[in-house]
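Student: okay, here's the prediction I keep looking at, along with the sequence it came from:
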There are 2 protein chains.
Amino acid sequence: MAATAISHLHGKLSSKVCSPPISNPSRSFYRPIVSTSMEQQNKSYWAAVETQIDSHLKKSITIRPPTSVFEPMHHLTFSASKSTAPPLCIAACELVGGSPDDAVTAASAIHLMHAAAFTHQHLPLTDGPMQVGSTVEHVMKPNIELLTPDGMVPFGFELLGLSEQAQNNSDRILRVIIEISRAVGSQGIVDGMYQELVYAKGEGEDEQMVEYVCEKKEGELHACAGACGAILGGGSEEEIEKLRKYGLYVGMIQGMVNGVGKKLGSRLEIANKWRGLAIKELEAFHGRNVHQISSLLEMD
Amino acid sequence: MAATAISHLHGKLSSKVCSPPISNPSRSFYRPIVSTSMEQQNKSYWAAVETQIDSHLKKSITIRPPTSVFEPMHHLTFSASKSTAPPLCIAACELVGGSPDDAVTAASAIHLMHAAAFTHQHLPLTDGPMQVGSTVEHVMKPNIELLTPDGMVPFGFELLGLSEQAQNNSDRILRVIIEISRAVGSQGIVDGMYQELVYAKGEGEDEQMVEYVCEKKEGELHACAGACGAILGGGSEEEIEKLRKYGLYVGMIQGMVNGVGKKLGSRLEIANKWRGLAIKELEAFHGRNVHQISSLLEMD
C-alpha cells in the first residue's frame, strides 16, 4: 500500500494524530507551525499506515478453529487502545529508505504485544483492579482475558518468524525479535507496569517515578518501534540509534501527557523538553521526508 | 557438560523419571524390562540434563535491577512444576548427533514458557480459580503472578535470539522460534488450558475432550521440544518429524496419567496405546543410544 494512500479515519490513533489544530492553550505549546496542506498530508499518511497494519492483523488473525481461542484474540487485538508505536515502526522504515511492506509484520507484532499488555493491565484481579484510572469494559470473563494475551504474544513472534523478511534476511528479523522481546519484557513494559502500580498506591506527585514509568512503559516500546523500523528498512547503525531515541521521546511524551503523568503539574514543561530532544534526533535526516514522522509530536 | 555426568537429584522431574521400579500393578503395565545398570545410567543422564538446564536458567535469570521484576521472575521460574519437555529437547538433539550445548538455550526457553503458562493457570481470579485440582501455594500477589510471566515469555525468545546458534545458524533458531511460538500459543497450550477449563466445569468423563486437552497442553509442548532438539542437532527432516511425534505421545501420556486424564477410567489403556506409538517412532534410530530418550516413557 502506498504511503500516500487516502483512507478513512478510524480508531483513536487517527483522531489523535491527525486532529486539526485547535485553540487549546494546554496543548498548543508543542504544536509546530505547519501548513494546512502539510497537515492534511500527514493526516492521510498516518491513516494509510494504520489501515495497512489493521489489514495485516485482520488477515493474520482470522476467526478460525479453535474459535474459542481465535474469537477472543481477534476481539482483544482490535479493542485494545491504539498505540502510536506500530505506525512509528513503519514511518521509521520509510525514513531510512525502506518500503512500508518491510515493516508491516513488525508493526503488527508490536501492536499484538501492546494489546496483550493492555489487556493484562486491565484485568480485574482479586486484590483489586490493576488499571490506573481506567474504565475499560470487560465483555469477556477474566479467565479469557488472562489466557488470550498469552496466545497473542507468541503469535506476534510467530508472525515475525514466518515473514518474508525471515526468508530473505533472517539476521534482521532475529535482531527485531530481540528488540521486541526486550521492550515488552522484564526490563521494559513489565517493569513500567509494575512501577505504575507502585506509584498508583503512593501519595502525591513523584516526578522521577513518573518519568521512569513513562520511559519503561510507552518510551521503550516506541524506541523499539523506531529501531525495528530502521533495522528493517536497512538503516545504518547511526540511523537506527537516532530513530530509537526519537521513538523513546515520542513514547515518553505520550506517557507524560496521556498516561501516568497526566495529573503531574509539571507535565507540559517536561513533555516540551522531551519534544526538543526528539526533534534533535531527526536533524540528521535533513532533506528527507521528516515532516511525516515528526508529526507524531503534534498529538495531544 | 557430559551427558554421563553424575549429579544429585532435585526437583519433581528427576524423582519421577528416575524412580526405581516398584511393584505397583497400576504402573507396571508400561514399564519396559531394563537392567538395573541401564536404569541407573538413564537416571544419571536425566539428572545431568536437568542440572544443565537449571544452570543455564540460573545464569540467565540473575537477580539484578529491577529486582522488583527479576526476583519474582527467578522465583516463578524455579517454583513452577518441572516439565519433561525441556530435557526431551536436549535428548532429541543428542539422538540426532548434536551436542547438549546446542539445545540448552531452547530447552531453557521451553521451561520459561511452561513456567509462565503454569503460573497463569494457577492465578487466583475473581470468577474462581483456574486450576483444576491444584493446591499451588501463592507467595506473591496476583498482580505479580500476572505480570511476571508476561516478562518470562519474551525473555525466552530473547535468550534464543541472543544464543550462539543465532549467530552461527540463524535459520535454525528462527525455525525454533516458530516451533515454540506455535506450541505455547493459541493453537497449543492456550487452547489446551481453555478446553481444560471447559472440561473441568462439565460433568462425567469425556474421553475425547481429555485426549484433546492432553494433546494441546502437554503433547504439543513435548512435540515442539522433540522437533526443536532435532532441528538444533542437525537432524534430517524425517528425524525431526519422528522426534516431534515421539514427543507428542510422551506429553500426551503425561497429561493422561498425571494431568487432566488422571481420573479417567480408561487412562491406563489409552496411555499404553500411546506408549506403543511413541516407541514405534524411535525404531528408525535403531543402533543409536535410544534407551536414554525412551526411558522418558518409564515415568509414572
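Tutor: Thanks, I have it.

Student: quick check: which element contains A:Ile53?
Tutor: helix A:36-60 (DSSP states H and E).

Student: who are the packing partners of the next helix or strand after that helix?
Tutor: Proceeding N to C from helix A:36-60, the next assigned helix or strand is helix A:67-79, under DSSP H and E. Contact partners of helix A:67-79 among helices and strands, from 3 or more Cβ pairs under 8 Å, 6 or more residues apart in numbering or on different chains; DSSP states H and E: helix A:36-60, helix A:100-121, helix A:142-162, helix B:189-201. Quick note: C-beta positions are derived from backbone N, CA and C, even for glycine.

Student: just the CA trace of helix A:67-79, in PDB.
Tutor: The C-alpha trace of helix A:67-79 is given here as PDB (Å, rounded to 0.1, in the frame of the first residue of the first chain):
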ATOM      1  CA  THR A  67     -12.800 -20.300  17.600                       C
ATOM      2  CA  SER A  68     -13.000 -20.400  21.400                       C
ATOM      3  CA  VAL A  69      -9.400 -19.100  21.200                       C
ATOM      4  CA  PHE A  70      -9.300 -17.000  18.000                       C
ATOM      5  CA  GLU A  71     -12.600 -15.100  18.600                       C
ATOM      6  CA  PRO A  72     -11.300 -13.500  21.800                       C
ATOM      7  CA  MET A  73      -7.900 -13.000  20.300                       C
ATOM      8  CA  HIS A  74      -9.500 -11.100  17.400                       C
ATOM      9  CA  HIS A  75     -11.600  -9.100  19.800                       C
ATOM     10  CA  LEU A  76      -8.800  -8.200  22.200                       C
ATOM     11  CA  THR A  77      -6.400  -7.300  19.400                       C
ATOM     12  CA  PHE A  78      -8.800  -4.800  17.900                       C
ATOM     13  CA  SER A  79     -10.500  -3.500  21.100                       C
END
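
Student: give me the pLDDT value at the spatially most central residue of chain A.
Tutor: By Cα atoms, centre = their mean, chain A has its centre lying nearest to A:Ala85, at 2.1 Å. At A:Ala85, the model reports a pLDDT of 98.

Student: helices or strands next to the strand or helix carrying A:Cys89 in the packing?
Tutor: Using DSSP H and E, A:Cys89 sits in helix A:85-95. Helix A:85-95 sits against helix A:36-60, helix A:100-121, helix A:220-232, helix A:237-258, helix A:290-294, with contacts defined as 3+ Cβ pairs under 8 Å, 6+ apart.

Student: can you put the helices and strands packed on helix A:67-79 in JSON lines and add distance to B:Phe118?
Tutor: JSON lines is the format used below for these (distance: least, Cβ to Cβ, whole Å):
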{"stretch": "helix A:36-60", "distance to B:Phe118": "28"}
{"stretch": "helix A:100-121", "distance to B:Phe118": "16"}
{"stretch": "helix A:142-162", "distance to B:Phe118": "11"}
{"stretch": "helix B:189-201", "distance to B:Phe118": "10"}
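
Student: picking that back up, buried residues in the helix holding A:Ile53, which are they?
Tutor: The neighbour-count check on helix A:36-60 (16 or more other Cβ atoms under 10 Å in any protein chain shown) flags A:39, A:41-54, A:56-57, A:60 as buried.

Student: how about the residues of the stretch 151-300 of chain A near chain B?
Tutor: A:151-155, A:157-158, A:160-162, A:166, A:170-171, A:173-175, A:177-178, A:180-182, A:184-187, A:189-191, A:193-195, A:197-198 (Cβ under 8 Å from any Cβ of the partner chain).

Student: emit the PyMOL select command for whichever of those residues are buried.
Tutor: Those of those that count as buried under 16+ other Cβ under 10 Å are selected in PyMOL with:
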select buried, chain A and resi 151+152+153+154+155+157+158+160+161+162+166+170+173+174+175+177+178+180+181+182+184+185+186+187+189+190+191+193+194+195+197
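
Student: surely A:Ala115 touches A:Met73?
Tutor: No - judged on Cβ atoms under 8 Å, A:Ala115 makes no contact with A:Met73 at a distance of 9.4 Å.

Student: overlap in contacts of these two?
Tutor: By Cβ atoms under 8 Å, 6 or more residues apart in numbering or on different chains, A:Ala115 and A:Met73 have these common neighbours: A:Met152.

Student: any weak-confidence spans in chain A?
Tutor: Low-confidence segments of chain A, defined by pLDDT under 70: A:1-34, A:125-136, A:203-204, A:299-300.

Student: thinking again about what came up before, out of the helices and strands packed on helix A:85-95, nearest to B:Lys141?
Tutor: Smallest distance to B:Lys141 across the helices and strands packed on helix A:85-95 (Cβ to Cβ): 14.3 Å, for helix A:100-121.

Student: and the closest one, C-alpha only, in PDB?
Tutor: This file holds the C-alpha atoms of helix A:100-121, laid out as PDB (Å, rounded to 0.1, in the frame of the first residue of the first chain):
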ATOM      1  CA  PRO A 100       6.200   0.100   4.400                       C
ATOM      2  CA  ASP A 101       5.800  -3.600   3.500                       C
ATOM      3  CA  ASP A 102       9.200  -4.300   5.000                       C
ATOM      4  CA  ALA A 103       8.000  -3.200   8.500                       C
ATOM      5  CA  VAL A 104       4.300  -4.100   8.500                       C
ATOM      6  CA  THR A 105       4.800  -7.500  10.200                       C
ATOM      7  CA  ALA A 106       7.000  -6.000  12.900                       C
ATOM      8  CA  ALA A 107       4.400  -3.200  13.400                       C
ATOM      9  CA  SER A 108       1.700  -5.800  13.700                       C
ATOM     10  CA  ALA A 109       3.700  -7.800  16.200                       C
ATOM     11  CA  ILE A 110       4.300  -4.600  18.200                       C
ATOM     12  CA  HIS A 111       0.600  -4.000  18.300                       C
ATOM     13  CA  LEU A 112      -0.100  -7.500  19.400                       C
ATOM     14  CA  MET A 113       2.400  -7.100  22.300                       C
ATOM     15  CA  HIS A 114       0.900  -3.800  23.200                       C
ATOM     16  CA  ALA A 115      -2.700  -5.200  23.100                       C
ATOM     17  CA  ALA A 116      -1.700  -8.200  25.200                       C
ATOM     18  CA  ALA A 117      -0.100  -5.900  27.900                       C
ATOM     19  CA  PHE A 118      -3.100  -3.600  27.800                       C
ATOM     20  CA  THR A 119      -5.500  -6.500  28.400                       C
ATOM     21  CA  HIS A 120      -3.500  -7.900  31.300                       C
ATOM     22  CA  GLN A 121      -3.100  -4.400  32.800                       C
END
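
Student: the helix holding A:Cys89: which residues count as buried?
Tutor: A:85-95.

Student: which SS class is A:Leu123?
Tutor: Classification of A:Leu123 by DSSP: H, G, I helix; E, B strand; the rest coil places it in coil.
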